[in-house]
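A.B. asks: Please work out how this folds:
(chains A and B)
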Amino acid sequence: MQEWRAAGCGPTASRQRADPGLRDTISSSEKARLSVTLVRTTLIQLSINGESRSIAAGANLTRLLDELSLAGKRLAVEKNGEIVPRSLYPETLLAEGDKLEIVVAVGGG
Amino acid sequence: MSDELHIAGHPYRSRLLIGTGKYKDFDETRRAVEASGARIVTVAIRRTNIGQDPRQPSLLDAVPPSKYTYLPNTAGCYSAEDAVRTLRLARELLDGHDLVKLEVLGDPHTLFPNVIETLSAARTLVKEGFKVMVYTSDDPIIARQLEDMGCVAVMPLASLIGSGMGILNPWNLQLIIEAAKIPVIVDAGVGTASDAAIAMELGCHGVLMNTAVAAARDPILMAGAMKKAVEAGREAFLAGRMPKKLYSASPSSPAGGMIGGTATAPSKAA
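C.D. replies: The predicted structure follows:
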């Protein structure tokens, strides 16, 4: 999946919904002209806690947690059934179809 | 009196373990836990709410893990696989903390434990180095197998989770207590303070509860009552109760010296 968007913007599902026609409304000459500020970002689809979400290809787990406003929170992550130790977040690259579980401690008996 | 609860070699000042669920808010959770005097609190592991305001208060602020020993549980798990996955996540979440509460349920209606899955999960977790406190039925044979497997505490139910029905089978609990060399902690079913006292008088090493406190009209007051009941029951157990008799021929007051009696012959006991 490919999407045109401003460089540096974190792709999110809600953002995609907000400007669904962006790709079609910009002509190819305009794209060339705007190439300084628009980059071609390849998005990958992830499943996070059972919900589908997209993120730029090549993103690591640190960036994902940052985009989800979860950076620095006490949590644990499982990727495709395997625990990802906190120390490995920066080097854990995300790939199309990855299934992530992000959990926290809550009140319980 | 130094009478600590030792679990996996670690001493705890309180024999009351308390759950952190079902409270009105985190402030009530905090005050109930404080009033209970508990040192070990159970917590659940759940998917984080993505998109939630990160500044929202959390359990970690109300009941800080620096102050209490967190006992992550597997509540809601119906298979050994889910329970093991949950506790692996919990260990990562709590920076390698390996004291855990295993519970594998068999039925959403009764929340009765599935002992087959429980045994299977316990085997895996012990092998992976977890210190497993295990919720189970009040079956003394299963309790023994869990101990032999290497669990650090066996936690039979007194009655069904959240039922508040109290100690339904003291005889089975007694069989488990007599045979066990690891702590036996009654987990689930306690409804009020006397239930906790009875569990301790039977010789249980501790009591774990949540709903009995959280669902009381005044949870803070009940938490304090439970603290006293557990302490009272423990001391009564250590003191050794008098034997039960159908009736007694030895009154507590002196038999002699009754007014109006004869000077020499002691009067018959009334």
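A.B. asks: residue contacts, B:Glu117?
C.D. replies: Counting by C-beta atoms under 8 Å, 6 or more residues apart in numbering or on different chains, B:Glu117 touches B:78-80, B:83, B:104, B:106. In short, each C-beta sits where N, CA and C put it, glycine included.
A.B. asks: Just say helix, strand or coil for the residue of chain B found nearest chain A.
C.D. replies: For chain B, the residue closest to chain A is B:Ala44, as judged by C-beta to the nearest C-beta, at 2.6 Å. Classification of B:Ala44 by DSSP: H, G, I helix; E, B strand; the rest coil places it in strand.
A.B. asks: Double-check it against B:Cys77; I have them as touching.
C.D. replies: No. Between B:Ala44 and B:Cys77 there is no contact, the gap being 10.3 Å when judged by C-beta atoms under 8 Å.
A.B. asks: What number of residues are in the vicinity of A:Arg95?
C.D. replies: No Arg there; residue A:95 is Ala. Using other C-beta atoms under 10 Å in any protein chain shown, A:Ala95 has 11 neighbouring residues.
A.B. asks: again with B:Thr74
C.D. replies: A count of nearby residues for B:Thr74, using other C-beta under 10 Å, gives 28.
A.B. asks: Spit out the contact partners of it.
C.D. replies: The neighbourhood of B:Thr74, defined by C-beta under 8 Å, 6+ apart, consists of B:45, B:82-83, B:86-87, B:100-104, B:121.
A.B. asks: Can you tell me which of those residues lies closest to B:Asp3?
C.D. replies: Nearest to B:Asp3, judged by C-beta to C-beta, of the contacts of B:Thr74 is B:Lys101 at 22.7 Å.
A.B. asks: And stretch B:66-76, how far out from the chain middle?
C.D. replies: The gap between the average C-alpha position of stretch B:66-76 and the chain average comes to 13 Å, counting by C-alpha atoms, centre = their mean, to the nearest Å.
A.B. asks: End to end on it, go ahead and measure it.
C.D. replies: 26 Å (C-alpha to C-alpha, to the nearest Å).
A.B. asks: do the same with stretch B:15-31
C.D. replies: Using C-alpha to C-alpha, first and last residues of stretch B:15-31 are 18 Å apart.
A.B. asks: before we move on, back to that, what touches both of B:Ala44 and B:Cys77?
C.D. replies: Counting by C-beta under 8 Å, 6+ apart, nothing touches both B:Ala44 and B:Cys77.
A.B. asks: Tell me the secondary structure of B:Val134, please.
C.D. replies: Three states are possible here, and by three-state DSSP the one that applies to B:Val134 is strand.
A.B. asks: burial count for it?
C.D. replies: A count of neighbours around B:Val134, defined by other C-beta under 10 Å, yields 31.
A.B. asks: returning to that earlier point: take the contacts of B:Glu117 and write them to CSV, including distance to A:Thr92.
C.D. replies: As requested, the contacts of B:Glu117 are arranged in CSV below (distance: C-beta to C-beta, whole Å):
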residue, distance to A:Thr92
B:Tyr78, 30
B:Ser79, 27
B:Ala80, 27
B:Ala83, 25
B:Val104, 30
B:Gly106, 36
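A.B. asks: Could you pick out the buried ones from these?
C.D. replies: Among those, those buried by neighbour count (16 or more other C-beta atoms under 10 Å in any protein chain shown) are B:80, B:83, B:104, B:106.
A.B. asks: just checking, B:Met209 touches B:Lys22?
C.D. replies: No. Applying C-beta under 8 Å as the test, B:Met209 and B:Lys22 come out as separate, 11.1 Å apart.
A.B. asks: So which of those two has more stuff around it?
C.D. replies: Of the pair B:Met209 and B:Lys22, B:Met209 is the one with more neighbours under other C-beta under 10 Å, namely 30 against 17.
A.B. asks: still on that earlier bit, looking at the contacts of B:Glu117, which is nearest B:Ala249?
C.D. replies: B:Gly106 (50.7 Å).
A.B. asks: Neighbours of B:Thr20, how many?
C.D. replies: Applying other C-beta under 10 Å, we find 28 residues neighbouring B:Thr20.
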